[in-house]
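Colleague: model the structure of this input:
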Amino acid sequence: MQILKRLPFFLLTFYFLSEHLPGTAAFRVFDDVDGTETILAFENENIKIQCKTDVPMTYCGFLHPKGKRFSFTDRDVNDGQCTIKIKVSKNDDGEWKCHIGRQTVRVETIKKIRVRVVNQVAAIHPNITAVHGKPVTIHCATTNGFVPISYCRFEPPKGSPFNIDSAVTPKNPILGKYFYPQNRSLDRGDCAVTIRKVKYDDVGIWTCGAGLDDGKEYTDVIRIDVEGLYTMSTASATGITFGGILIAIALVILGVMAWKKRAVLGGRRQPPPQPEVIEIQELGQRQRSRSPEPGRMVPSVVVQSPSEPGASPLIPKS
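Modeller: This is a model prediction of the structure:
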């Protein structure tokens with residue numbers, strides 16, 4: 001009888017411990033620099049998606065990646081936080097949005113939460129865009145809480161695979177460019193590497209692998225894109241290629257039109273006159289043909305030189 005009386009107390013204690021003690025949830029939550037939160041969880045696992053603020057809320061709402069909405073009023077929000085609990089599935093994988101409304105500030109605060117349904121080991125960010133010449137960190141982690149890993153290895157898109165741990169520091173990097181980040185630990189299930197200066201050889205698919213106590217290796221992939229002075233987006237490259245093709249087609253069309261026009265004009269052009277060839281014999285005949293005909297009077301001119309001055313008819317005699 002005493003046990004039945006104390007049963008509600010035991011149930012209340014169990015509920016409190018399951019809700020508030022750390023380490024009871026298997027899923028892991030990671031906070032990004034930009035304020036985005038990432039949740040790694042197994043399929044069919046019970047997870048909590050939570051929004052927090054430093055001031056009291058008037059209302060709170062969640063937007064599902066597929067468009068479904070969940071709303072909470074001031075009765076459901078306590079101490080500047082609201083929480084939704086779901087049994088996660090592949091359909092819940094994606095970016096969630098939390099809308100927070102406050103009476104003092106009319107504009108809503110929006111927080112982004114990425115939910116990823118993964119296996120034993122998963123990449124925190126499966127797609128990373130890095131800046132050329134700047135450092136970037138690739139991070140995989142165990143999903144089932146802070147489970148230690150026996151080793152951590154990476155396969156870059158180009159070059160040799162390598163294994164890494166906390167003994168590799170910025171002072172002794174692998175191949176002069178890879179080192180283990182100081183704020184990570186294999187004992188916490190972190191398989192991570194920092195690239196000192198990202199180059200275009202680092203672009204592509206990276207594979208992270210971690211060994212667990214069951215003797216198996218679990219992997220995931222991360223895609224790195226590099227933006228910089230000599231990098232253009234896929235849309236820009238496609239536009240330039242398409243533009244080049246159009247220009248080439250236009251030049252070919254203009255060339256064909258010019259060739260046809262020249263051919264037409266050349267067909268209408270009269271051949272140049274052939275130079276007249278006059279042989280010597282023919283020239284002699286032409287000269288004889290130009291001789292005066294018989295019976296034609298040809299005036300003659302006689303020039304006399306006076307022998308003495310008085311003989312000239314133009315000079316009067318003295």
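Colleague: show me where the stretch 1-150 of the chain has its strands.
Modeller: 28-31, 37-41, 46-52, 59-63, 69-72, 81-87, 94-101, 109-117, 121-123, 127-131, 136-142 (DSSP state E, counting those that start in this stretch).
Colleague: wait, which of those strands is closest to residue 171?
Modeller: strand 136-142 (17.3 Å; CB to CB). Every C-beta, even on glycine, is put in place using the N, C-alpha and C of the backbone.
Colleague: tilt between that closest one and strand 127-131?
Modeller: For strand 136-142 against strand 127-131, the angle by axes from the mean of the first three to the mean of the last three CA atoms, to 10 degrees is 160 degrees.
Colleague: where does the prediction get shaky in the stretch 201-318 of the chain?
Modeller: Applying pLDDT under 70 to the stretch 201-318 of the chain flags the ranges 228-241, 263-318.
Colleague: try it again with 50
Modeller: 229, 231, 233, 318 (pLDDT under 50).
Colleague: how long is stretch 101-116 from one end to the other?
Modeller: 26 Å (CA to CA, to the nearest Å).
Colleague: tell me the average confidence for that stretch?
Modeller: The average pLDDT within stretch 101-116 is 87.
Colleague: report the buried residues of it.
Modeller: Residues of stretch 101-116 classed as buried by neighbour count (16 or more other CB atoms under 10 Å): 101, 102, 111, 113, 114, 115, 116.
Colleague: what of stretch 203-223?
Modeller: Residues 203, 206, 207, 208, 209, 210, 211, 212, 218, 219, 220, 222 are the ones in stretch 203-223 that count as buried (16+ other CB under 10 Å).
Colleague: max pairwise distance over those: which two?
Modeller: 203 and 212 (29.8 Å).
Colleague: quick one: contacts for residue 98?
Modeller: 49, 51, 60, 61, 62, 63, 82, 110, 111, 112, 113 (CB atoms under 8 Å, 6 or more residues apart in numbering).
Colleague: return the member of those residues nearest to residue 262.
Modeller: So of the contacts of residue 98, ranked by how close each gets to residue 262 (CB to CB), first place is residue 112, at 64.8 Å.
Colleague: now that closest one: closest residue in space, sequence neighbours ignored.
Modeller: Spatially, and ignoring its direct neighbours in sequence, residue 112 is nearest to residue 36 (4.6 Å; CB to CB, 6 or more residues apart in numbering).
Colleague: could you chop this structure up by domain?
Modeller: Domains of the chain are assigned by automatic domain parsing as 23-117, 121-227.
Colleague: what's the most buried one of those?
Modeller: domain 121-227 (a mean of 17; mean count of other CB atoms under 10 Å).
Colleague: ok, residue 227 - contacts?
Modeller: Applying CB under 8 Å, 6+ apart, the residues near residue 227 are 129, 130, 131, 132.
Colleague: so what sits opposite it in the bridge?
Modeller: residue 131 (DSSP bridges).
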